[in-house]
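J.: This is a predicted model, with the sequence first.
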Amino acid sequence: MGLAPPRGILLAGPSGTGKTAMARALSGEKQLPLIAIDGPQLYSKWLGESERALREVFKKARRAAPCILFFDTIDAVAPKFAEQSGTDMYQPILSQLLREIDNLRDVKGVILLTATNRPERIEPSLLRSGRFDYIVAFTKPEAAERAEILNVSCQRVPLAGDIDFVELAGRMEGFTGADIESVCEKATLLAIAGFQNGVRKAPFSVQRRDFATVLEEDNDGAKQFKNDVRGASGVTGDARFGALLK
Ligand SMILES: Nc1ncnc2c1ncn2[C@@H]1O[C@H](COP(=O)(O)OP(=O)(O)OP(=O)(O)O)[C@@H](O)[C@H]1O
Ligand SMILES: [Mg+2]
């Protein structure tokens, strides 16, 4: 008597903690096709059109079984009634969604995977037992996990010998996996800029000071840094980078 595979799984946790990445990884690992749909994508200004789209998605999944049906940002499809600010535009879509999920019970091989970064906004009837077998909480990584994510994110980057992931991870308290990936990217861009400016000599490597610069930038606002990099048109020869690397 084999255990039946789980039917409904909800991945819940802050933005950037790897929920969408997990759905893709699961699909790859289990070699199951991923039928992915993002909550807000369902909405149509045409009456009845969203319900039709929803029906089509479930139909597609039933045909593709075995597969993973991945509903990202599920809170946008099924927000709590209380938060609907007096409109009933969600009601038909929510009813349709509940019906479709309940119908999946009789279908073999469709794993329903959903994700949200605002679980408190989800309509409780969707979470009622029987619809989701598991709710998996995604949290921001601890120091050791951050070091591991750094390691993975930098896998293809030539690193100078002065880089210590454990030390860097210690400085990234509160960072999500996405934040950490972004730090690696920015440090690499900085190093490239220095190299192309001729400030750095071959062989090319990303150094501790690149990470240090980015981490300080992050305290002041990662967005500004991103804009600077974009503004540097192809990252070459921009005076601001020269200044950063002195
Ligand atoms: N624990 C982790 N290990 C490795 N990479 C991670 C981890 N968490 C996040 N990432 C990376 O961060 C990026 C963003 O992650 P993802 O899009 O899956 O976040 P999310 O939880 O779906 O966020 P949102 O709620 O905003 O949709 C991805 O490139 C992913 O690979
Ligand atoms: Mg996501």
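T.: Now that the structure is in, tell me what you want to look at. Ligands and ions are numbered 1, 2, ... in the order given.

J.: what residues does the chain put near ligand 2?
T.: Lys19, Thr20 (CB under 5 Å from the ion). Where you see a C-beta, it was placed from the backbone N, CA and C, and this is true even at glycine.

J.: For ligand 2, give me its nearest residue in the chain.
T.: Thr20 (3.2 Å; CB to the ion).

J.: which non-adjacent residue is nearest that residue?
T.: Asp72 (5.9 Å; CB to CB, 6 or more residues apart in numbering).

J.: what about this structure, any weak spots by pLDDT?
T.: In the predicted model, the chain carries pLDDT under 70 at residues 1-6, 45, 81-89, 129, 218-246.

J.: show me what contacts the residue in the chain that ligand 1 sits nearest to?
T.: Using CB to the nearest ligand atom, the closest approach of the chain to ligand 1 is made by Gly177 at 2.1 Å. The contact partners of Gly177, taken as CB atoms under 8 Å, 6 or more residues apart in numbering, are Gly16, Thr17, Gly18, Ala21, Pro141, Ile149.

J.: could you redo the last one with a cut-off of 10 Å?
T.: 16-18, 21, 138, 140-141, 145-146, 148-149, 152-153 (CB atoms under 10 Å, 6 or more residues apart in numbering).

J.: So which of those are in helices?
T.: Among the contacts of Gly177, the members falling in helices (DSSP state H) are Ala21, Glu145, Arg146, Glu148, Ile149, Val152, Ser153.

J.: Buried ones among the residues you listed?
T.: Buried subset of these (neighbour count, 16 or more other CB atoms under 10 Å): Arg146, Glu148, Ile149, Ser153.

J.: isn't the last one right next to Val183, touching?
T.: Which is Ser153. Yes: contact criterion CB atoms under 10 Å: Ser153 and Val183 qualify, at 8.2 Å.

J.: quick one on the thing from earlier: report the two of the contacts of Gly177 separated the most.
T.: Across those, the longest distance by CB to CB is 17.4 Å; it joins Phe138 and Ser153.

J.: for the protein, what spans make up the strands?
T.: Listed in chain order, the strands of the chain (DSSP state E) span 8-12, 34-38, 67-72, 110-116, 134-137.

J.: beta partners for Thr11?
T.: Actually, residue 11 is Leu rather than Thr. Counting by DSSP bridges, Leu11 is bridged to Ala115, Val136.

J.: Would you enumerate the residues in contact with it?
T.: 17-20, 22-23, 26, 70, 72, 74, 113-117, 119, 134-138.

J.: So which of the residues you listed would count as near ligand 1 as well?
T.: Counting by CB under 6 Å from any ligand atom, Thr17, Gly18, Lys19, Thr20, Asn117 from these sit close to ligand 1.

J.: which of those residues are buried?
T.: Thr17, Gly18, Lys19, Thr20, Asn117.

J.: Mind picking the two most distant members of the residues you listed?
T.: Gly18 and Asn117 (11.3 Å).

J.: which residues are common contacts for those two?
T.: Leu11, Phe138.

J.: what residues go with each domain of the protein?
T.: 8-137, 143-245 (automatic domain parsing).

J.: can you tell which of the strands of the chain is closest to Arg171?
T.: strand 134-137 (25.2 Å).

J.: what does that closest one contact?
T.: Against strand 134-137 from outside (CB under 10 Å, 6+ apart): 6-13, 17, 19, 22, 113-116, 119, 127.
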